[in-house]
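*Asks:* Below are the sequence and a predicted model for it; my questions follow.
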Amino acid sequence: MPQATTNALDFLKGWTDSHAVDKSAKWASSVTLSRAKSGRVASLNSSGEFVLGVAYQAMPIFIIQSALDFDVANESDDTPVEWQPVQPDGTGSGLVAIGGYELESTEFDTTDTYVPNDTLTVTNADTAAQGKLDLYSSTLYTTVPVVGVVSQGAHTNHHKHSVISFWPVYIPTAAAGA
């Protein structure tokens, strides 16, 4: 099992304030839970469940706990069942992109070079990178939402993992797209 710092969202500024905006929800059954890692970006489907990526005009939410973390889900995968989970019930949480915080994530496209003030989007494609932060390379307001602005490019954090620091923002798209 990877360390809790391998896939992580860290709160540099603004979180734990009583005015911070967060959201709790269960994961949709369509989500590949092994991809739903802390630090990735999700949104809500029409049933109010987390899905990876940001659907057309959906609010980006930065995931705090991975979907398979023990504080989200802890069902026994043994047969016969070794234990019956009482809590947790599959509900995770995340920070909404309109909040006033500075965040740091391990979940970004490491092949790009990031500098302060670069805009970020999210990988929506149904791949292993689904929900990861990525450089924004489209014209604003077209088919790709903006979910953040880089505050510090890729660097090594105090846990010795490669991270990117950013301020969450939300600029929706004018039309459905990628």
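*Replies:* Now that the structure is in, tell me what you want to look at.
*Asks:* helix or strand right after the helix or strand where Leu95 lies?
*Replies:* Assessed by DSSP states H and E, Leu95 sits inside strand 91-96. Using DSSP H and E, the helix or strand that directly follows strand 91-96 along the chain is strand 102-105.
*Asks:* Could you list the low-confidence segments of the chain?
*Replies:* 1-5, 14-18, 69-89, 177-178 (pLDDT under 70).
*Asks:* quick one, strands of it?
*Replies:* For the chain, strands defined by DSSP state E occupy the ranges 9-13, 22-26, 41-44, 50-52, 61-63, 91-96, 102-105, 119-122, 133-135, 146-156, 162-171.
*Asks:* Buried deepest among the ones you listed, which one?
*Replies:* Among the strands of the chain, strand 61-63 has the highest mean neighbour count (mean count of other Cβ atoms under 10 Å), at a mean of 28. C-beta here means a position set from N, CA and C on the backbone, and glycine is covered the same way.
*Asks:* from the chain's centre, how far out does that strand sit?
*Replies:* 4 Å (Cα atoms, centre = their mean, to the nearest Å).
*Asks:* Stretch 99-112 now?
*Replies:* Distance, stretch centre to chain centre, for stretch 99-112: 9 Å (Cα atoms, centre = their mean).
*Asks:* Which residue, other than its chain neighbours, is closest to Ile98?
*Replies:* Leaving aside its chain neighbours, Ile98 sits nearest to Tyr170 (5.5 Å; criterion: Cβ to Cβ, 6 or more residues apart in numbering).
*Asks:* Now do the contacts for that neighbour.
*Replies:* 59-60, 97-98, 145-147 (Cβ atoms under 8 Å, 6 or more residues apart in numbering).
*Asks:* of those residues, buried ones?
*Replies:* 59-60, 97, 145-147 (16 or more other Cβ atoms under 10 Å).
*Asks:* neighbours around Gly53, how many?
*Replies:* 23 (other Cβ atoms under 10 Å).
*Asks:* need the contact list for it.
*Replies:* When contacts are taken as Cβ under 8 Å, 6+ apart, Gly53 is in contact with 41-43, 122-125, 130-131.
*Asks:* Take those residues and lay them out in JSON lines including distance to Leu12.
*Replies:* As requested, these are arranged in JSON lines below (distance: Cβ to Cβ, whole Å):
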{"residue": "Val41", "distance to Leu12": "17"}
{"residue": "Ala42", "distance to Leu12": "20"}
{"residue": "Ser43", "distance to Leu12": "23"}
{"residue": "Val122", "distance to Leu12": "20"}
{"residue": "Thr123", "distance to Leu12": "23"}
{"residue": "Asn124", "distance to Leu12": "26"}
{"residue": "Ala125", "distance to Leu12": "28"}
{"residue": "Gln130", "distance to Leu12": "25"}
{"residue": "Gly131", "distance to Leu12": "20"}
